[in-house]
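> All I have is the shape, not the residue letters:
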């Protein structure tokens, strides 16, 4: 009989411990929220805040400079019998804004070929502030006869770019690998494509 009473007491104590632990876990979220509000310290990462339901509004990208607009023009030069062009001639962007632009290349020859692109910028000072996150110019590509491909350029213009710069021209020269590598266009002397209808972004 005494053993049974002891067992019941032990079960009761364990039940109390479980209830206290459950209550503590339940109170953890408002406790964290109170700590954040009281101390002004963000003790949680943005991902943790989303999981815990503490974030109601998507965070703004404070790196974008909405007070400025820069026109980025796209130029394409093909050194060989193939087609190479941007899908739009220009975009208007804010410094710090991530932008994606597509380029199209087609091997119009009756033989397989490998090619690669080299970029250049005008004005030249823009090169140090033109950050490409993804670009077809990073790689060499092989295309079969008549094959057509589209490749992206993903870029961000550094907000530290001089305010004197309102227009940047990004020029690519596409050349066949194995042939003599052409120098980057000096002063962007290549002819700008006019077959693509100008579009803004």
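That came in fine, so what should we check first? Here the structure is a predicted model, which means the values were calculated and not measured.
> Just confirm residue 75 is within a strand.
Yes: assessed with DSSP: H, G, I helix; E, B strand; the rest coil, residue 75 lies in a strand.
> residue ranges for the helices of this structure, please.
Under the criterion DSSP state H, the chain contains helices at 2-39, 46-51.
> Report the rounded mean pLDDT for the longest one.
The average pLDDT within helix 2-39 is 64.
> and if you look at stretch 129-143?
91.
> Which positions in that stretch come out as buried?
Judged by neighbour count using 16 or more other CB atoms under 10 Å, the buried positions of stretch 129-143 are 129-130, 135-137, 141, 143. (Each C-beta comes from the backbone N, C-alpha and C, glycine too.)
> For residue 84, give me the pLDDT.
Residue 84 is given a pLDDT of 90.
> do the same with residue 165
95.
> what residues are up against it?
Contacts of residue 165 were listed using CB atoms under 8 Å, 6 or more residues apart in numbering, and they are 70, 123, 125-126.
> just the strands in the protein please.
For the chain, strands defined by DSSP state E occupy the ranges 70-79, 83-86, 90-93, 98-106, 113-122, 130-135, 141-143, 148-157, 167-176.
> now these in a markdown table, with distance to residue 64?
Formatted as a markdown table, the strands of the chain follow (distance: least, CB to CB, whole Å):
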| stretch | distance to residue 64 |
| --- | --- |
| strand 70-79 | 12 |
| strand 83-86 | 23 |
| strand 90-93 | 9 |
| strand 98-106 | 9 |
| strand 113-122 | 21 |
| strand 130-135 | 14 |
| strand 141-143 | 32 |
| strand 148-157 | 9 |
| strand 167-176 | 17 |
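> Of all these, which one is nearest residue 11?
Smallest distance to residue 11 across the strands of the chain (CB to CB): 59.2 Å, for strand 98-106.
> Show me which of the contacts of residue 165 are buried.
For the contacts of residue 165, buried by 16+ other CB under 10 Å: 70, 126.
> Using TSV, lay out the contacts of residue 165 together with pLDDT and distance to residue 88.
Shown next, in TSV, are the contacts of residue 165 (pLDDT from 0 to 100; distance: CB to CB, whole Å):
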residue	pLDDT	distance to residue 88
70	96	15
123	94	21
125	91	24
126	93	19
